[in-house]
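Participant: My questions concern the predicted model and sequence given below.
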Amino acid sequence: LAAVSQKGHVYCNLPVNMKSDKEIAIAAVGKNGRLLHHCPDALRDDPEVVAVAVRNEPVALAYSSDRLK
């Protein structure tokens, strides 16, 4: 979590079980909203995760689920 909080891009290289952790995903998209693209489908459909990503980088909405677009 600390590494992702400091350098969001490390999220891309995490194993799937860690990418699925909501707290880690929020830390990543809080640094770089475009990292929503690397989140599992369930998190791209999570309103809280998407809101953090879009607040950081409005274009991240393109990576959210169809339901949230």
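Facilitator: Noted; the coordinates are in hand. Numbers count the residues shown, from 1 in each chain.

Participant: list the buried ones in whichever strand or helix holds L43?
Facilitator: Assigning secondary structure by DSSP states H and E places L43 in helix 41-44. Neighbour counts using 16 or more other CB atoms under 10 Å place L43, R44 of helix 41-44 among the buried residues. For glycine as for every other residue, the C-beta is placed from the backbone atoms N, C-alpha and C.

Participant: which residues sit against that helix?
Facilitator: Applying CB atoms under 8 Å, 6 or more residues apart in numbering, the contact partners of helix 41-44 are K19, S20, K22, A25, L36, V49, V50, Y63, S64, S65, L68.

Participant: ok, so of the residues you listed, who is nearest N56?
Facilitator: L36 (9.3 Å; CB to CB).

Participant: OK, contacts around V50?
Facilitator: If you count contacts by CB under 8 Å, 6+ apart, then V50 has L36, R44, A60, L61, S64, S65, L68 around it.

Participant: farthest pair in the residues you listed?
Facilitator: Across those (CB to CB), the longest gap, 12.1 Å, separates A60 and S65.
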